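Q: whatever this is, show me its structure:
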Amino acid sequence: MKKTLTAIAILGAFSSLAQAQSSVTVYGIVDAGIVREQGGVNGSATNISSGIGSASRLGFRGTEDLGNGVSALFVLEAGYRLDTGASDVSGSIFNRQAYVGLKGDAGTLTLGRQYTPYYNAVSQVADPFGAGYAGSAKNLMPTAGVNTRTSNAVVYVSPVVNGFSGELSYSLAEQGGNSIAGRQVGAALSFGAGKLNARLAHNHRNNDVAGLAGVQNRQIGRNTLLAANYNFGIAKAFAAYGINDGLNSAPLANNSNPFGGVAPVASLDSRDMLIGVQAPFGANVLMASFIRKDDRTAFNQDAYQWAIGLSHSLSKRTSLYTSYGKIKNKNGAGYTVGNNSDVGSGDTAYNAGIRHSF
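A: Residues are numbered from 1 along each chain as shown. Prediction:
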């Protein structure tokens with residue numbers, strides 16, 4: 001009887017150890033609200049929209065301890081529209097993130113569909129709105145398409161040493177007969193110490209399409225961003241400066257000619273400047289920013305955006321929010337006030353909604 005009890009205890013100990021060494025977490029964000037847009041060619045519109053502050057998503061992340069300080073990890077993340085229940089991208093399941101990799105003392109190496117270092121710098125360091133709400137920096141800064149995420153990517157993130165860390169990304173376009181057509185390379189150097197958080201990021205995009213006449217030997221698209229924020233206690237200040245050069249270095253988020261007339265032209269040479277602030281008080285956070293898009297081409301299609309927003313926490317996981325954004329386009333520029341999930345249809349937008357994370 002004692003031997004049986006001992007065996008059961010040993011088996012139970014091994015079972016508990018195995019569970020401790022491997023885990024899978026289900027997580028997500030449920031975000032929806034009312035959006036009022038004005039200034040577009042089709043007039044004003046009021047919508048129930050999904051993912052205004054943060055894109056609505058359902059994800060699975062897991063880790064397994066492999067021993068010797070090394071662990072395996074994976075993330076599978078699907079985006080969806082809360083207003084309709086449909087997938088963000090038709091025909092795709094884990095359209096937001098899908099990767100697997102290893103993590104150890106030397107850093108983290110992952111393979112799959114992942115964020116670019118440039119987009120991480122915009123959303124995590126530069127933007128007081130965190131790339132969401134009507135004040136999203138994505139309205140003017142070049143994050144459209146593969147500037148946000150790339151498929152077939154190999155990403156390495158170094159450990160933090162004396163406040164410094166690095167990130168490298170290489171995305172294979174997998175076009176037969178040409179190993180560099182469509183590839184994308186990214187890098188970032190981060191520094192964090194005390195109240196300061198700073199990052200220098202670069203994105204290098206090959207625009208060729210192998211085997212198709214007229215879309216080979218095209219101009220390279222390059223984006224470089226220096227971003228920083230500093231927490232003064234009473235408020236956190238944000239600043240960023242970006243240089244965009246070449247084809248697809250600043251793609252228009254809304255390319256449907258939203259204001260009518262002569263269609264706007266995506267800039268091949270531009271500069272982005274951002275200043276912003278977050279000010280917490282009680283259960284609230286006030287957000288504000290000003291962004292300038294300086295188009296240095298002959299079209300001179302500059303734009304300015306100013307925005308203000310307020311988030312009110314009901315709990316650690318649930319918050320209410322409201323925000324307002326306004327863009328002034330010059331010389332036929334076509335920038336629109338969107339949010340985290342929508343590109344917007346006009347030069348003015350108001351939002352109010354609720355966000356819950358789990």
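Q: helix or strand next in line after the lowest-mean-pLDDT helix or strand in the chain, which one?
A: Lowest on mean pLDDT, DSSP states H and E among the helices and strands of the chain sits helix 2-21, with a mean of 46. Using DSSP states H and E, the helix or strand that directly follows helix 2-21 along the chain is strand 22-38.
Q: can you show me the CA trace of that next one as PDB?
A: Taking Å, rounded to 0.1, in the frame of the first residue of the first chain, the C-alpha atoms of strand 22-38 are listed here in PDB:
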ATOM      1  CA  SER A  22       4.800  23.900 -20.900                       C
ATOM      2  CA  SER A  23       1.900  26.300 -21.100                       C
ATOM      3  CA  VAL A  24      -0.600  27.700 -23.700                       C
ATOM      4  CA  THR A  25      -2.500  30.900 -23.100                       C
ATOM      5  CA  VAL A  26      -5.700  32.100 -24.900                       C
ATOM      6  CA  TYR A  27      -5.800  35.900 -25.100                       C
ATOM      7  CA  GLY A  28      -7.600  38.600 -27.000                       C
ATOM      8  CA  ILE A  29      -9.000  42.100 -27.400                       C
ATOM      9  CA  VAL A  30     -12.700  43.000 -27.900                       C
ATOM     10  CA  ASP A  31     -13.000  46.700 -29.100                       C
ATOM     11  CA  ALA A  32     -15.900  48.400 -30.700                       C
ATOM     12  CA  GLY A  33     -17.400  51.900 -30.800                       C
ATOM     13  CA  ILE A  34     -19.100  54.600 -32.800                       C
ATOM     14  CA  VAL A  35     -17.200  56.500 -35.500                       C
ATOM     15  CA  ARG A  36     -18.300  59.800 -37.100                       C
ATOM     16  CA  GLU A  37     -16.300  60.800 -40.200                       C
ATOM     17  CA  GLN A  38     -16.600  64.100 -42.100                       C
END
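Q: output the helix or strand following it as CSV, nothing but the C-alphas.
A: Heading C-terminal from strand 22-38, the first helix or strand you meet, by DSSP H and E, is strand 45-50. The C-alpha coordinates for strand 45-50 follow below in CSV (Å, rounded to 0.1, in the frame of the first residue of the first chain):
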residue,chain,number,x,y,z
ALA,A,45,-20.8,58.9,-42.2
THR,A,46,-21.6,57.4,-38.8
ASN,A,47,-20.6,53.7,-38.3
ILE,A,48,-20.3,51.1,-35.6
SER,A,49,-16.7,50.1,-36.0
SER,A,50,-14.4,47.4,-34.7
